[in-house]
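Q: sequence plus predicted model, see below.
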Amino acid sequence: MYRIITIEREYGSGGGEIGCELSKRLGWTLWDQALTEEIAKVGNVECATVERCAERVDGTFQRLVKVFWRGSHERSIALPGAEPFDTDRFVAVGQQVMQRIAEAGNCVIVGRGAPYFLRQRADAFHVFLYAPHAEKLRRLLRLGKSQKEAEELLDTIDRDRITFVKRYFNADWPTRCLYHMMINTAVGNETVISTILNTMRTVETAPISC
């Protein structure tokens, strides 16, 4: 039986909103913004430190981790702490926290490399969300991004995720064989959510391997 849903997504495709609604429908815990806060806690840094780090100029892979660990509604979340809490340490702490969350189960995890960290778990249902450029732009503008900012983010963030996954998991992004389903969010959030729930119930007895 599936006890975990991971939501990986192209930037701007609405993963945060969809993950939030899924958690409400199921009565499960949502790990999105809360996951970043938990990593800061385990990393032994103050929330105020995390917030101050938002304006830091990071090294290349520090910046990539910041991008990859975005919170809900595609908002940028800062890295928890300063040196020696570097990228490698950040990923190690993230894996530790992710495994603990997975053991507790009944949760929806948005982004954060969850399908890679949890790829060996038979109780995890992995979803990848994507959308046409125009749909992602529409969603970002609705969230208050300017046209220029939205275009720039769409041009860079997923490219950074590709680099991050190659560096830390030696895999392509997205790794299609990891996912039980990949769905275009241009069909609408309600259709996406219903499709995820229906598909999860259908394939519960037919695990995939990668």
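A: Okay, I see it.
Q: if you rank every helix and strand of this protein by mean pLDDT, what lands last?
A: helix 47-52 (a mean of 39; mean pLDDT, DSSP states H and E).
Q: strands of this protein, start to end?
A: For the chain, applying DSSP state E gives strands covering 4-9, 29-31, 107-110, 124-130, 181-184.
Q: helices or strands up against the third one?
A: Right, strand 107-110. strand 4-9, helix 15-26, strand 29-31, helix 87-104 (3 or more CB pairs under 8 Å, 6 or more residues apart in numbering; DSSP states H and E). In short, each C-beta sits where N, CA and C put it, glycine included.
Q: could you pick out the longest helix of the protein?
A: The longest helix of the chain (DSSP state H) is helix 147-169.
Q: return the distance of that one from the chain's centre.
A: Averaging C-alpha coordinates over helix 147-169 and over its chain gives two centres that are 13 Å apart (CA atoms, centre = their mean, to the nearest Å).
Q: relative orientation of it and strand 4-9 in degrees?
A: Between the direction of helix 147-169 and that of strand 4-9, the angle (axes from the mean of the first three to the mean of the last three CA atoms, to 10 degrees) works out to 130 degrees.
Q: what residues sit buried inside helix 147-169?
A: Applying a neighbour-count criterion of 16 or more other CB atoms under 10 Å, the buried positions in helix 147-169 are Ala150, Leu153, Leu154, Ile157, Asp158, Asp160, Arg161, Thr163, Phe164, Val165, Tyr168, Phe169.
Q: skipping its backbone neighbours, what lies nearest the first one in space?
A: I take that to be Ala150. Distances taken as CB to CB, 6 or more residues apart in numbering place Leu140 nearest to Ala150, at 4.0 Å, with adjacent residues excluded.
Q: now render the buried residues of helix 147-169 as JSON lines, adding pLDDT.
A: Compiled in JSON lines, the buried residues of helix 147-169 are given as follows (pLDDT from 0 to 100):
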{"residue": "Ala150", "pLDDT": "94"}
{"residue": "Leu153", "pLDDT": "90"}
{"residue": "Leu154", "pLDDT": "93"}
{"residue": "Ile157", "pLDDT": "85"}
{"residue": "Asp158", "pLDDT": "89"}
{"residue": "Asp160", "pLDDT": "81"}
{"residue": "Arg161", "pLDDT": "83"}
{"residue": "Thr163", "pLDDT": "83"}
{"residue": "Phe164", "pLDDT": "80"}
{"residue": "Val165", "pLDDT": "86"}
{"residue": "Tyr168", "pLDDT": "83"}
{"residue": "Phe169", "pLDDT": "88"}
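Q: of these, closest to Ala124?
A: Nearest to Ala124 out of the buried residues of helix 147-169 is Phe169 (CB to CB; 15.5 Å).
Q: test my guess that that closest one contacts Tyr116.
A: Yes. Applying CB atoms under 8 Å, one finds Phe169 in contact with Tyr116, separated by 4.7 Å.
Q: where do the contact lists of these two overlap?
A: Taking CB atoms under 8 Å, 6 or more residues apart in numbering as the contact definition, Phe169 and Tyr116 share the neighbouring residues Thr175.
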